[in-house]
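Novice: sequence and predicted model, in that order:
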Amino acid sequence: MSNSPYKYDTLAVHAGQYPDPQTGAVNVPVYLSSTFQLTGIGTDRGWDYSRAGNPTRDRLEEALAILEGGTSGHAFTSGMAAISALVAMLRAGDHLICSHNVYAGTVRLFDQIISGYGIEIEYVDTSNLAAVEAAMRPNTKLVHIETPSNPLMVLTDIAGVARIAHAHGAEVSVDNTFLSPVLQNPIALGADIVMHSTTKYLNGHSDGLGGALIGSKPEHKERFLLVQKAVGGVMSPFECFLVLRGIRTLPLRVRQHEENGRAVAEFLSTHPKVSKLAYPGLKTHPQYDLAVKQQKGFGSMMSFEVASREAAGRFLAAIKIFLSAESLGGVESLASHSATTTHASVTAEQRTSMGITEGRVRLSIGIEDKEDLIADLEQALQAV
Ligand SMILES: Cc1ncc(COP(=O)(O)O)c(C=O)c1O
């Protein structure tokens, strides 16, 4: 991206999305072909089998690499498949550090599957750089961070973690799902690998599952191509098309998401039934300065507490425009009860140690009219 003469809005429309050389089609064609005719023994036109590579997926992967300022992009069936691919090359005896406050699906993958392969997994409060330094070991291979974290919006200093990890010979991967490449570019801040659940802002319309890894070195390309081909959890061509289409309006959508997010956060910040509002765009957020330093905006994810699990239930039953549903980053506003949705798969003790209470509600602010959204929240909070 840094080498491109074009600004971000232009790249979002055109990166990887140039006219089809054969037909001139301005949209990337969806190549629904599992296999490709070979031109001879061991020769082809660039593709032989869609698990290894597909022309539609190539374009999405090119776009992702450009938008994140990386050297290669790799698209997977889901965000979880992307995280699985990220850790697939770790070996028994390797040490993996993960932010203590992450999407619970990541914890489920690491604790219930990856740890069985003999990889040592350690959860660390990566918002505290001294804790990261103290956790580094000679066998630490990867530090995986999520910033802002789900749902408490805790930030990790990406450049700080990268400095520490690199000094110990480890790599840093960043789950950039909550901000999208429009608002945060971890590679420019020193991270090695970026991960996305494209299911969220990149697709943007809640109509597909997908995930991505963006590498910053030639060896990442080699490694992730091998994992795509060997493990096989690759994104389908149609799904790639949907994400490509979503990317074209990503900067536009993110601007509206963010304008609405700020307005909703300001409204909630003074509401008597709301406590512990977590939104990094408020000056009262303990990491506001870090958000300003490493992000290009504050996004539209936030969470807050109401008095109890029952109060959260009443709130979720009363919302009308907001939908009570998991997920985030789509054009529609969603609300979810963290303890029984995104963080249902970790134990109550893990939730308590993460700071996720029974009264915590997460909001993904969509692109509807902000006054309508605030009015909906106001009437739903009256039911609490
Ligand atoms: C921050 C974050 N990372 C990863 C994932 C997993 O993505 P997917 O649902 O596409 O597998 C999610 C899903 O909610 C998420 O919120």
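Specialist: Received the coordinates, thanks.
Novice: got the residues of this protein near the ligand?
Specialist: 78-80, 103, 105, 146, 150, 175, 177-178, 197, 199, 209, 211, 327 (CB under 6 Å from any ligand atom). Bear in mind the C-beta positions are built from the backbone N, C-alpha and C, glycine included.
Novice: farthest-apart pair in those, please.
Specialist: E146 and L209 (18.4 Å; CB to CB).
Novice: now the helices for the chain?
Specialist: 8-14, 55-68, 79-87, 104-112, 129-135, 158-167, 180-183, 218-231, 237-248, 250-269, 288-294, 309-318, 348-354, 370-382 (DSSP state H).
Novice: of these, which is nearest V28?
Specialist: Closest among the helices of the chain, using CB to CB: helix 55-68, at 4.6 Å.
Novice: in the closest one, what's buried?
Specialist: 55-68 (16 or more other CB atoms under 10 Å).
Novice: same check on stretch 325-338?
Specialist: For stretch 325-338, a neighbour-count test (16+ other CB under 10 Å) marks A325, S327, L328, G329, G330, E332, S333, L334, A335, S336, H337, S338 as buried.
Novice: same deal with stretch 37-57?
Specialist: Buried, per 16+ other CB under 10 Å, within stretch 37-57: W47, S50, G53, N54, P55, T56, R57.
Novice: ok, now which ones touch the first one?
Specialist: Looking back up the chat, that one is W47. W47 makes contacts with F36, G53, N54, P55, as judged by CB atoms under 8 Å, 6 or more residues apart in numbering.
Novice: around the residue of the stretch 51-200 of the chain found nearest the ligand, how many other residues sit close by?
Specialist: Going by CB to the nearest ligand atom, the ligand is nearest to G79 of the stretch 51-200 of the chain, at 2.2 Å. Residue crowding around G79 was assessed by other CB atoms under 10 Å; the count is 23.
Novice: got a list of what the closest residue to it other than its chain neighbours touches?
Specialist: Of all residues not flanking G79 in the chain, S197 sits nearest, at 2.7 Å (CB to CB, 6 or more residues apart in numbering). By CB under 8 Å, 6+ apart, the contact list for S197 reads S78, G79, M80, A82, D175, T177, G210, G211.
Novice: the closest residue to T106 other than its chain neighbours - how many residues pack around it?
Specialist: Spatially, and ignoring its direct neighbours in sequence, T106 is nearest to I83 (5.9 Å; CB to CB, 6+ apart). I83 has 26 neighbouring residues, counting by other CB under 10 Å.
Novice: likewise for G169?
Specialist: For G169, the neighbour count with other CB under 10 Å is 11.
Novice: check contacts around the closest residue to E358 other than its chain neighbours.
Specialist: Computed as CB to CB, 6+ apart, the closest residue to E358 that is not its neighbour in sequence is R309, at 3.8 Å. Residues near R309 by CB under 8 Å, 6+ apart: H337, A339, E358, G359.
Novice: right, and the last one touches E305 too?
Specialist: Yes: in this structure G359 lies within contact range of E305 using CB atoms under 8 Å: 4.5 Å.
Novice: quick one: low-confidence parts of the stretch 1-150 of the chain?
Specialist: The model of the stretch 1-150 of the chain has pLDDT under 70 over residues 1-3.
Novice: let's go with 90 and repeat that
Specialist: The stretch 1-150 of the chain contains residues with pLDDT under 90 at 1-5, 89, 101.
Novice: for V274, which residues are in contact?
Specialist: By CB under 8 Å, 6+ apart, the neighbours of V274 are L268, F304, E305, V306, L381.
Novice: kindly recompute the last result at 10 Å.
Specialist: F267, L268, F304, E305, V306, F315, V361, L377, L381, V384 (CB atoms under 10 Å, 6 or more residues apart in numbering).
Novice: quick revisit: give me the subset of the contacts of R309 lying in strands.
Specialist: Among these, the residues falling in strands (DSSP state E) are H337.
Novice: if we can go back for a sec, okay, and the common contacts of G359 and E305?
Specialist: S275, K276, A311, A312, S338.
Novice: so the last one is in contact with L316, correct?
Specialist: No: S338 is beyond contact range of L316, at 11.5 Å (criterion: CB atoms under 10 Å).
Novice: which neighbours do these two have in common?
Specialist: In contact with both S338 and L316: V361, using CB under 10 Å, 6+ apart.
Novice: circling back: inside strands: which ones of the residues of the chain next to the ligand?
Specialist: E146, D175, S197, G211.
Novice: surely the second one meets M195?
Specialist: Read it as D175. Yes: the pair D175 / M195 is scored as a contact, 4.9 Å apart, by CB under 10 Å.
Novice: quick check: neighbours shared by the two?
Specialist: G79, A82, I83, L86, T106, H144, I145, E146, P186.
Novice: as TSV, the shared contacts of G359 and E305 with pLDDT would be great.
Specialist: Formatted as TSV, the shared contacts of G359 and E305 follow (pLDDT from 0 to 100):
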residue	pLDDT
S275	97
K276	97
A311	97
A312	97
S338	92
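Novice: if we can go back for a sec, now render the helices of the chain as TSV, adding distance to N203.
Specialist: Supplementary listing: the helices of the chain in TSV, determined by distance: least, CB to CB, whole Å:
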stretch	distance to N203
helix 8-14	14
helix 55-68	11
helix 79-87	11
helix 104-112	17
helix 129-135	32
helix 158-167	24
helix 180-183	11
helix 218-231	19
helix 237-248	5
helix 250-269	10
helix 288-294	24
helix 309-318	24
helix 348-354	27
helix 370-382	21
